[in-house]
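Chemist: Predicted model and sequence below, questions to follow.
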Amino acid sequence: MSTSKKKAFRIEPFKHKVEIDPKYAERTWKVLDEAICEIYNHNASGLSFEELYRNAYNMVLHKYGDKLYMGLVDTLSRHLKNMASTIEAAQGGLFLEELNRNWLEHNKALQMIRDILMYMDRTYVPNYNKTPVHELGLNLWRDYVVRYPKIKARLLDTLLDLVYRERSGEVINRGLMRNITKMLMDLGIDVYQEDFEKPFLEAASGFYKLESQEFIECCDCGDYLKKAERRLNEEIERVSHYLDPKSETKITAVVEREMIASHMNRLVEMENSGLVHMLIDDRYEDLGRMYSLFKRVSGGLGLVRDVMTSHLRETGRQLVTDPEKLKDPVEFVQRLLDEKDKYDKIITTAFINDKTFQNALNSSFEYFINLNPRSPEFISLFVDDKLRKGLKGVSEEDVETVLDKVMMLFRYLQEKDVFEKYYKQHLAKRLLSSKSVSDDAERSLIVKLKTECGYQFTSKLEGMFTDMKTSKDTMQGFNAVVSNADSSESPTLSVQVLTTGYWPTQSGAVCNLPAEILAVCEKFKTYYLSTHTGRRLTWQTNMGTADLKATFGKGQKHELNVSTYNMCILMFFNNVNSMTYKEIEQATEIPALDLKRSLQSLACVKGKNVLRKEPMSKDISEDDVFVFNDKFTSKFYKVKIGTVAAQKETEPEKQETRQKVEEDRKPQIEAAIVRIMKSRRVLDHNNIVSEVTKQLQSRFLPNPAVIKKRIESLIEREFLERDKNDRKVYRYLA
Amino acid sequence: MRKEDTVKLISAEGFEFVIDRSAALVSNTLKNMLTSSGGFTEREFGEVRFPEISTRILEKVCQYFYWSLQYSSGKEVDFPIEPEITLELMMAANYLHT
């Protein structure tokens, strides 16, 4: 009796049993019909399942299946028509409840009918391609009740009205609502969609079109977004409470379209509350809301990003070009960093770290930082300031964060070589005057630059550090020798031996040193050359400092910390009381510009005027006479008389640096061209330009015209030649 | 054994077979009868009357229920059927949807 056996056999009724009572079928059906009535009337208890099942079984077995099935359709239809009229008769609010009650009853009855007619479902229905009993019951319910014209319209109206009332803030019977929509879904997803979902979506569309119009007229952007978000969440919640989960995307699409997509531009550009306003005011919450809502509609984020980018570029451009703000480089860079921090925070908190927004931010910064050609200089000055004093007493991690931020700005620079140039100058000054706060911080930044731009970029900078270290060792050796040889009252000398090439080249103007100093210098020179043969030492008098002990009129003693130039000048006043400008210039041979600056710092700065000038004035002129200031007083024992320190470059200096940079670029461009041509052998002009640009990008952005000039120069020197047929193509020679 | 766990099957001749409910559920028809909602008498009293099934056949059917419970999953053990009752047994099986 296993399944396979059962399939092999086909159970047929006995032939001789067929001739039974012709009234048999009528009689049997009558029993079943009455039972179905009883079931609908909740009177099933007392009925025998076996008897009913057996009757149905026998009818099917005796080929009365057709009669049974048709009878069932008739009976069900009759009952459903009755139900429809009671439902229709229900008053107002009771309508849905009546419908629901009847539906539950019908369902229950249908279940029982299906059970007793199981044999028919099993044999007759598949053999004659009929609809199974349960489905038949649902279909009949659909046709006689749900789609009964008077009910259909009323049902839809009632449902939509309930939803409308809920949207307006009323509390509705969600349980009932769920039962009804569940019924529609049970009748088939197409019934749900046709009879309810479609009109529901249309109604929602109309509702939100009106509402959004109203909101946008009277709300600011933030409030509007809040309302839109609330509506969206309400609809999602509504779906989860009593609609088909599949409706969620459809209804949210409606809300998105009506409330966001159709007002997108207006929202973003809203005066005093739109996107720009939010950005300026750091309205993280509103921005986050805007992000998540606009993300839902196509083109939404693009719009937000574009507006943000153009705003950022505009404010950035103002920031870097406003001459008022360019006065203080440190503040200028600090402002850039603040701006960057501000937008970083916005992107992380409100835009959930969206990569595309980060890219937009980066490209904007790159755009406007490079609008100002002095950005590299200013960034280096900022570092200089930080490393000189700004980072004093700051924890190591904080130093790292500041340096990392600086590196981030550095990354945006197109002219990295200009930065290098300035950085070298500033670093040299820091090292030589031992002004750097922390050696670790200096080295850490070098390492960062190295990882960013490669060994080549920092090798010279590192060389400077090495020089400083070897100088220290050399001085120790020298001091040992000097103190052994004689202990006379000669000045102490401290020398830093700098490798030419590593350090920024300075005009090697040599001044005449006082005899005392000259003697020690000579001693050192002899000492140094005795250990390092074949080297040449030149004195960079413009970079040194000196400590002088001076006694003034009333016998007060001070230690003066001055530059080498100042020292040279002051030494004269050991012997004479007054000197003219001309005399000083002749005696020292200090370049005029530096001399004026030195004299200014000695004679014109209040509280530090160890010299007096006749006549008294702010500026130095060539006929001035200088007198030793006997009456000099100071609260401090040590007095530091600084010449004007590393500041923003003056216009001619700037030009000079720029020219130097341009000069330095030439060999780099040539090297790049040769490298490229060596591997490619033949290449046309445009490709060379683009390849060179690509290769040098990490250092600077070469000008195509300059590249062209370099190519011409290389052709002249027979590294390359033009192709004979095509003048635009070059060949590599050698 | 509790009464709820057993089912009484009554043959045409009035013989009563009391079997485990789980055995009776082997038949889909019985399963329906014993679980259908709506208060049919079978479910209420836990007994089913078969006016068209003889004692002999019903006995065999009950035996089959137990056999099926024990061996239906895999193990090949023959269920002996005497040739003379084969047809009637088949009819009963069809009726009971077993």
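Modeler: Done, it's in.

Chemist: Strands along chain A, start to end?
Modeler: Taking DSSP state E as the criterion, chain A carries its strands at A:545-551, A:557-563, A:578-580, A:611-614, A:625-628, A:638-640, A:682-684, A:720-722, A:729-732.

Chemist: Just the CA atoms of stretch A:231-242, as CSV, please.
Modeler: In CSV, the C-alpha atoms belonging to stretch A:231-242 read as follows (Å, rounded to 0.1, in the frame of the first residue of the first chain):
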residue,chain,number,x,y,z
ARG,A,231,5.5,61.7,7.0
LEU,A,232,7.8,59.2,5.5
ASN,A,233,8.2,57.4,8.8
GLU,A,234,4.5,57.5,9.3
GLU,A,235,3.9,55.8,5.9
ILE,A,236,6.5,53.1,6.6
GLU,A,237,4.9,52.5,10.0
ARG,A,238,1.5,52.4,8.4
VAL,A,239,2.7,49.7,6.0
SER,A,240,4.1,47.7,8.8
HIS,A,241,0.8,47.9,10.7
TYR,A,242,-1.8,47.0,8.1
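
Chemist: Touching that stretch from outside, list them.
Modeler: Applying Cβ atoms under 8 Å, 6 or more residues apart in numbering or on different chains, the contact partners of stretch A:231-242 are A:163, A:166-167, A:174, A:177-178, A:181, A:204, A:208, A:211, A:245, A:247-248, A:251-252, A:255-256, A:259, A:293. C-beta: built from backbone N, CA, C; applies to glycine.

Chemist: among those residues, which ones are buried?
Modeler: Using 16 or more other Cβ atoms under 10 Å in any protein chain shown as the burial test, these include A:163, A:166-167, A:177, A:181, A:204, A:208, A:211, A:247, A:251-252, A:255-256, A:259, A:293 as buried.

Chemist: returning to that earlier point: the strands of chain A into a markdown table, with extra columns for mean neighbour count and mean pLDDT?
Modeler: Formatted as a markdown table, these follow (neighbours: other Cβ atoms under 10 Å in any protein chain shown; pLDDT from 0 to 100):
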| stretch | mean neighbour count | mean pLDDT |
| --- | --- | --- |
| strand A:545-551 | 15 | 80 |
| strand A:557-563 | 18 | 81 |
| strand A:578-580 | 16 | 81 |
| strand A:611-614 | 18 | 78 |
| strand A:625-628 | 18 | 81 |
| strand A:638-640 | 13 | 78 |
| strand A:682-684 | 15 | 86 |
| strand A:720-722 | 16 | 85 |
| strand A:729-732 | 18 | 86 |
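
Chemist: what about those strands, which gets the closest to residue A:402?
Modeler: Of all these, strand A:638-640 sits nearest to residue A:402, with 26.5 Å by Cβ to Cβ.

Chemist: Which single helix of chain B contains the most residues?
Modeler: helix B:55-71 (DSSP state H).

Chemist: From the contact counts, what lies against that helix?
Modeler: Where contact means 3 or more Cβ pairs under 8 Å, 6 or more residues apart in numbering or on different chains; DSSP states H and E, helix B:55-71 is packed against strand B:16-20, helix B:21-24, helix B:86-96.

Chemist: Give me the angle between whichever helix or strand comes after the shortest one and helix B:86-96.
Modeler: If I follow you right, that is helix B:21-24. Sequence order places helix B:28-35 as the next helix or strand after helix B:21-24, per DSSP states H and E. Here helix B:28-35 runs at an angle of 40 degrees relative to helix B:86-96 (axes from the mean of the first three to the mean of the last three Cα atoms, to 10 degrees).

Chemist: With just CA atoms, put helix B:28-35 into PDB.
Modeler: C-alpha atoms of helix B:28-35 as PDB (Å, rounded to 0.1, in the frame of the first residue of the first chain):
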ATOM      1  CA  ASN B  28      -5.200  11.800   5.900                       C
ATOM      2  CA  THR B  29      -9.000  11.300   6.000                       C
ATOM      3  CA  LEU B  30      -8.900  10.400   9.700                       C
ATOM      4  CA  LYS B  31      -6.500  13.200  10.300                       C
ATOM      5  CA  ASN B  32      -9.000  15.600   8.800                       C
ATOM      6  CA  MET B  33     -11.900  14.200  10.700                       C
ATOM      7  CA  LEU B  34     -10.000  14.400  14.000                       C
ATOM      8  CA  THR B  35      -8.700  17.900  13.500                       C
END
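
Chemist: where does the residue nearest to residue A:336 when sequence neighbours are not counted land on pLDDT?
Modeler: In this structure, residue A:336 finds its nearest non-sequential neighbour in residue A:409, 6.1 Å apart by Cβ to Cβ, 6 or more residues apart in numbering or on different chains. Note for residue A:409: predicted pLDDT of 88.

Chemist: Same check on the one 3 residues further on?
Modeler: Residue A:412 carries a pLDDT value of 88.

Chemist: Return the residues in contact with it.
Modeler: Per Cβ under 8 Å, 6+ apart, neighbours of residue A:412: A:362, A:365, A:366, A:369, A:370.

Chemist: again, but for residue A:491
Modeler: So residue A:491 contacts A:516, A:517, A:520 (Cβ under 8 Å, 6+ apart).

Chemist: Kindly recompute the last result at 6 Å.
Modeler: Going by Cβ atoms under 6 Å, 6 or more residues apart in numbering or on different chains, residue A:491 touches A:516, A:520.

Chemist: What's the separation between it and residue A:482?
Modeler: Relative to residue A:482, residue A:491 is positioned 11 Å away (Cβ to Cβ, to the nearest Å).

Chemist: Can you lay out the strands of chain A as JSON lines showing distance to chain B?
Modeler: As requested, the strands of chain A are exported to JSON lines (distance: least, Cβ to the nearest Cβ, whole Å):
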{"stretch": "strand A:545-551", "distance to chain B": "100"}
{"stretch": "strand A:557-563", "distance to chain B": "102"}
{"stretch": "strand A:578-580", "distance to chain B": "121"}
{"stretch": "strand A:611-614", "distance to chain B": "115"}
{"stretch": "strand A:625-628", "distance to chain B": "118"}
{"stretch": "strand A:638-640", "distance to chain B": "100"}
{"stretch": "strand A:682-684", "distance to chain B": "77"}
{"stretch": "strand A:720-722", "distance to chain B": "86"}
{"stretch": "strand A:729-732", "distance to chain B": "81"}
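
Chemist: Does residue A:548 have any beta-bridge partners, and if so which?
Modeler: residue A:560 (DSSP bridges).

Chemist: Does it touch residue A:558 like I think?
Modeler: No: shown here, residue A:548 and residue A:558 do not form a contact pair, counting by Cβ atoms under 6 Å, at 8.7 Å.

Chemist: Give me the common contacts of those two.
Modeler: Residues touching both residue A:548 and residue A:558 (Cβ under 6 Å, 6+ apart): there are none.

Chemist: Outside of stretch A:211-229 itself, list whatever touches it.
Modeler: So stretch A:211-229 is contacted by A:258, A:259, A:263, A:267, A:270, A:273, A:274, A:286, A:289, A:290 (Cβ under 6 Å, 6+ apart).

Chemist: Buried ones in it, by neighbour count?
Modeler: Neighbour counts over stretch A:211-229 (16+ other Cβ under 10 Å) mark A:211-212, A:215-216, A:219-222, A:224-229 as buried.

Chemist: I'd like the helices and strands packed on helix B:55-71 laid out as JSON lines, including mean neighbour count and mean pLDDT.
Modeler: Formatted as JSON lines, the helices and strands packed on helix B:55-71 follow (neighbours: other Cβ under 10 Å; pLDDT from 0 to 100):
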{"stretch": "strand B:16-20", "mean neighbour count": "15", "mean pLDDT": "91"}
{"stretch": "helix B:21-24", "mean neighbour count": "19", "mean pLDDT": "88"}
{"stretch": "helix B:86-96", "mean neighbour count": "18", "mean pLDDT": "87"}
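
Chemist: Just send these back as JSON lines, with distance to residue A:656 too.
Modeler: JSON lines is the format used below for the helices and strands packed on helix B:55-71 (distance: least, Cβ to Cβ, whole Å):
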{"stretch": "strand B:16-20", "distance to residue A:656": "108"}
{"stretch": "helix B:21-24", "distance to residue A:656": "103"}
{"stretch": "helix B:86-96", "distance to residue A:656": "109"}
